[in-house]
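[1] Turn this into a structure:
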Amino acid sequence: MLSGVAFHTPIGALVALTSEKGIRKISFDLGDLADAEQVANPNLDLFAKWLDAYFRRHFDRLPALPLDLPQTPSTSAWHKTCEIPVGSQWTYGELARNLGKSEGSARAIGAAMSANPVLLVVPCHRVVAQSGSLAGYRGGVERKAWLLKHEGTLLL
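    Numbering: from 1, shown residues only. This next block holds a predicted model:
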């Protein structure tokens, strides 16, 4: 059974679900709490510390979080996305190239990012279209813009 809790953040309520292994899902959908127990879990405590550091812009103090990601064809893209530093952006094509794929795989990379189960922690918001447009984000393009501004990448 998963443990879950909702956190209040500057970009809205954020739901975290965790197993004993690590963080399994982060979303903006409060309905995700329906199948979770509201019990203490050290991974949720660690995520609370991560959120606090992130929203205070203490990016150098983000604790490492254990993740419990499903093994899918997208898993390698999610792991590679974690290499994008705070304050940087890659295009979908650059992410594909960094995975050893052709830039023509950008659409497949976009699909992988849309299936990212742990928003924020796997920073798919740092992946943008070749044109520089923000393109899609499961949390909403407005949130993606806010996150990039917060990290000092998007200057509007």
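[2] quick one: the helices in the protein?
    For the chain, applying DSSP state H gives helices covering 42-55, 75-81, 92-98, 106-114, 141-150.
[3] Of those, which shows the lowest average pLDDT?
    Lowest mean pLDDT within these: helix 106-114, a mean of 88.
[4] Same question for that helix: list its buried residues.
    For helix 106-114, burial by neighbour count (16 or more other Cβ atoms under 10 Å) applies to A106, A108, I109, G110, A112, M113. Bear in mind the C-beta positions are built from the backbone N, C-alpha and C, glycine included.
[5] Closest one of those residues to G132?
    A106 (13.7 Å; Cβ to Cβ).
[6] any idea how far that closest one lies from Q89?
    14 Å (Cβ to Cβ, to the nearest Å).
[7] which residues sit in contact with P66?
    Residues in contact with P66, defined by Cβ atoms under 8 Å, 6 or more residues apart in numbering, are K21, G22, I23, N43, L46.
[8] Tell me the buried residues within those residues.
    G22, I23, N43, L46.
[9] which residues touch H150?
    With contacts defined as Cβ under 8 Å, 6+ apart, H150 is in contact with F55, R57.
[10] if you set the cut-off to 7 Å instead, what comes out?
    For H150, no residue meets the contact criterion (Cβ atoms under 7 Å, 6 or more residues apart in numbering).
[11] likewise S102?
    Contacts of S102 by Cβ under 7 Å, 6+ apart are A96.
[12] again, only using 10 Å
    For S102, the contact set (Cβ atoms under 10 Å, 6 or more residues apart in numbering) comprises G93, A96.
[13] Against S88, how distant is the nearest residue to T75 once chain neighbours are set aside?
    Distances taken as Cβ to Cβ, 6 or more residues apart in numbering place L69 nearest to T75, at 5.8 Å, with adjacent residues excluded. Per Cβ to Cβ, L69 is found 22 Å from S88.
[14] and what of D60?
    Distance from D60 to S88, by Cβ to Cβ: 15 Å.
[15] So which of the two has more stuff around it?
    Between D60 and S88, counted using other Cβ atoms under 10 Å, the more crowded position is S88 (12 against 7).
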